[in-house]
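[1] Build the 3D model from these lines:
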Amino acid sequence: MSPRLRMTSKLLKQSFMKTRLLYILLLSPLSLFAQEFVNSNTFDAKVSKGIVVVEFWAEWNKSNEVPFLGELKDCVSYKLSIVGNSSIQKQFNVTSVPTLIILNNGIEEKRFNSNIMMQLNATKKDVQSTVDEITFNKFQ
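    Predicted structure coming up:
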């Protein structure tokens, strides 16, 4: 192989690796904050262990989704659409969306409801403080 061809081959490999790295870096935030959904079939298994935050939401109220749900630490978070999962909505007596319910080993610990404008009456700090408090209490 000629030196020129070798150099061209090396540059192409470097370019390919840089492009690949760029794709990985660009797509990572999407996978890190991708939100998992639960439904009537998976709900009990998903919320039965540990600290779990569930957002009850509806597609028609998408503009008021909880934007920080995937950023919470020391818990698992899920979204549950009230459309098609009315049994769980009734079980937890959810009357407005969005509603966040924090469960500890399947038992409700705290609830954050929406206001009359269908916006959550809680900040990321409020929710994270509750998760932190539940975590702290496990060690007492």
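[2] Pairing partners for the helix or strand containing E108, with directions?
    Assigned by DSSP states H and E, E108 falls within strand 107-112. Strand 107-112 pairs in its sheet with strand 99-104 (antiparallel), by DSSP bridges.
[3] Centre of the chain to the partner strand, how far?
    Mean C-alpha position of strand 99-104 versus that of the full chain (C-alpha atoms, centre = their mean, to the nearest Å) differs by 13 Å.
[4] do stretch 100-120 as well
    Worked out by C-alpha atoms, centre = their mean, stretch 100-120 lies 14 Å from the chain centre.
[5] Quick check: buried residues in that stretch?
    Going by neighbour count (16 or more other C-beta atoms under 10 Å), the buried part of stretch 100-120 is 100-104, 109-114, 120. For every residue, glycine as well, the C-beta is placed using N, CA and C.
[6] Likewise for stretch 127-139?
    So stretch 127-139, judged by 16+ other C-beta under 10 Å, has buried residues 127-128, 130-131, 134.
[7] hang on, the earlier thing: and the furthest pair within the buried residues of stretch 100-120?
    Largest separation among the buried residues of stretch 100-120 by C-beta to C-beta: N104 and S114, giving 22.1 Å.
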